[in-house]
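Asks: heads up, no residue letters with this:
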C-alpha cells in the first residue's frame, strides 16, 4: 500500500503523519489551542513535503475520533472526510486514547497484561480506558454508538471517570502500565500509590503510530462511511445540554 495520511486533533495538539507504515513515516505537530483549522492544513503540507509527495499519492486516510475536545475533533474529522471524499480513498476511524497509548509506550513494554490510559477531560473528569495488547490485526469496536478500528482488547471502554475513580483503578491494578497526561492536574492524584505514581508514563500523541492500524483496517475492510461523520464525544456539548438533546 502507498502512503497513508493520519490526523488527530483530539487535544490542543494537531498531529499529522504520512507514510507506508509506523516505521516508514514522517510526522509533525502543532500545540496551539483553538487553531485546529489552520494547523491541520499546515501540518498536512509539512508531512507531504517531508516525504516529497502530493495528496494524489495518498491511498487512505485515518483520523482519531476521540474522545477529546469537542471543537478540535469536529475540525479533524471534517478535514479527514473531505480529503477521503475528494481523493476517493478509504477512510478509517481509530480511538485517540489508543493512539496515545501507542505513542507513549515503547514496544518492549507491550507484553504487560494491562494498560491504563487517562487524559484530562476538564470539568474535574478524565477520559479513561483500559486495554490489553493482544491483537495484531484490526477489529471493529463499538463505543457510545460510534464504531472504529482497533488492534487492542478493551478491558474497559473509553469513558469519563472522576480523578478519585482513576486513582482507585491505578492503586488496585497489578500488572499494568499507566499513561497519564498530567500528574499534577488534580489534588486526588496525591493519593496514588507512590511506587506506581513514579512509574506513570507521560501521555503523548504522534499520528504515525496509527498508520499500521489504518493499513490493517483497509486490508480487512474495516472502514468508516465518508458521508456519515461520527465522533466519540463521550460528553455532550454545552449546546446539546442547554437544548435537552438526548
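Replies: Yes, it's here. The shown structure was predicted, so the numbers you read here are calculated from the model rather than taken from an experiment.
Asks: For the rest of this, base every contact and every neighbour count on C-alpha atoms.
Replies: Noted.
Asks: what's the longest strand along the chain in contact with?
Replies: The longest strand of the chain (DSSP state E) is strand 153-161. Residues from elsewhere that reach strand 153-161, judged by CA atoms under 8 Å, 6 or more residues apart in numbering: 67, 97, 121, 125-135, 143, 234-235.
Asks: and the residues you listed, which of them are in helices?
Replies: residue 97 (DSSP state H).
Asks: Next step: the contacts of strand 153-161 restricted to strands.
Replies: Going by DSSP E, the strands hold 126-132, 143 from those.
Asks: Those, buried ones only, as a PyMOL selection?
Replies: Isolation of the buried members of the ones in strands among the contacts of strand 153-161 (16 or more other CA atoms under 10 Å) is achieved in PyMOL through the command below:
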select buried, resi 126+127+128+129+130+131+132
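Asks: same for the next helix or strand along the chain from the longest strand of the chain, what does it pack against?
Replies: Following strand 153-161 in sequence order, the next helix or strand is helix 163-172 (DSSP states H and E). Helix 163-172 is packed against strand 126-132, with contacts defined by 3 or more CA pairs under 8 Å, 6 or more residues apart in numbering; DSSP states H and E.
Asks: before we move on, back to that, for the ones in strands among the contacts of strand 153-161, which one is nearest residue 82?
Replies: residue 143 (23.8 Å; CA to CA).
Asks: Now do the longest strand of the chain against helix 163-172, angle only.
Replies: 150 degrees (axes from the mean of the first three to the mean of the last three CA atoms, to 10 degrees).
Asks: for the record, mean pLDDT for strand 153-161?
Replies: Averaged over strand 153-161, pLDDT sits at 93.
Asks: buried residues in that strand?
Replies: Those would be 153-154, 158-161, for strand 153-161 by 16+ other CA under 10 Å.
Asks: Partner strands of it and their direction?
Replies: Strands that pair with strand 153-161, judged by DSSP bridges, come out as strand 126-132 (antiparallel).
Asks: Need the contact partners of the strand it pairs with.
Replies: 67-68, 97, 112-121, 152-163, 166.
Asks: Show me how far that strand is from its chain's centre.
Replies: 11 Å (CA atoms, centre = their mean, to the nearest Å).
Asks: Equivalent analysis for stretch 217-233, please.
Replies: That offset, for stretch 217-233, works out to 14 Å (CA atoms, centre = their mean).
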